Every structure is written in C-alpha cells, then in structure tokens.
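Novice: sequence below, structure please.
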Amino acid sequence: MIGEAIEHRAGLVLIPVERLEDEFFRLRTRVAGEIVQKFVNYGLRLAIAGDISRYVKESDALRDFVYEANRGRHVWFVAGLAELDERLLRDKGRQNAVG
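Specialist: From the prediction side, this is the model:
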C-alpha cells in the first residue's frame, strides 16, 4: 500500500476500519504502532475512517492514542469522509496561515 501511494504521489492514504483486523486496535499487539510508524517514516499521512467506538470503550490506551493522533497532522481517526474533508480543509488553512 505504501509503495502504491508513493508511486502515485499520494500525500494521504485512507483505510476503512473494516479493512483492519481487531489486532490493530489492541495496542499491546504493536500492530498499530508498526503500521503508523511505517507511514510516518515514508512521509505519508494516514487516515483511518469508520466507527472505532467499540475498541475505544475497551481500551483507555487506545482512546489516548486516538486523541493524540488526532491532535497531529500525520495520523487521523475519522468517522467518515465528511469528517476527513473537514480535517483536510482545516489543515490546509493552517498551512496557508503559516506558510
């Protein structure tokens, strides 16, 4: 997936929650951390779209991870495409204000 994104010069990869295994959302497995780190290492942004409420209810650590990720610019957990569009617009506005 990362190779394809780089080949097509994508700046962001969107992964629907349904495409991720439950292990991704269990931080003790380290799957999420390893995947997120790969995207960051290659300079790609990652958005996970869909309802993760059941996972967040089960894990304070995941809730904190999602909160911190959503405060940044590289990894976002969003409910759907509308929320992603809003985030991208806000982020673009911040970039224009700074740059």
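Novice: CA atoms for contacts and neighbours, from now on please.
Specialist: Fine.
Novice: pull out the buried positions in the helix or strand hosting residue 35.
Specialist: Assessed by DSSP states H and E, residue 35 sits inside helix 31-41. For helix 31-41, the neighbour count (16 or more other CA atoms under 10 Å) marks 31-32, 36, 39 as buried.
Novice: now stretch 61-71, how far from the chain's geometric center?
Specialist: 10 Å (CA atoms, centre = their mean, to the nearest Å).
Novice: pLDDT averaged over it - what is it?
Specialist: Averaged across stretch 61-71, pLDDT comes to 96.
Novice: in it, what counts as buried?
Specialist: In stretch 61-71, counting by 16+ other CA under 10 Å, buried: 62-63, 65-66, 69-70.
Novice: and what of stretch 41-58?
Specialist: Residues of stretch 41-58 classed as buried: 44-49, 52, 56 (neighbour count, 16+ other CA under 10 Å).
Novice: one more: stretch 80-88?
Specialist: Buried-residue list, stretch 80-88, by 16+ other CA under 10 Å: 84, 87.
Novice: ok, stretch 9-24 next?
Specialist: By 16+ other CA under 10 Å, the buried positions in stretch 9-24 come out as 12-13, 16-17, 24.
Novice: now residue 89: how far from residue 83?
Specialist: Note on residue 89: its distance to residue 83, by CA to CA, to the nearest Å, is 10 Å.
Novice: no wait, residue 71
Specialist: 14 Å.
Novice: now swap in residue 5 and tell me
Specialist: Residue 5 sits at a distance of 21 Å from residue 83 (criterion: CA to CA).
Novice: now swap in residue 56 and tell me
Specialist: For residue 56 relative to residue 83 (CA to CA), the value is 18 Å.
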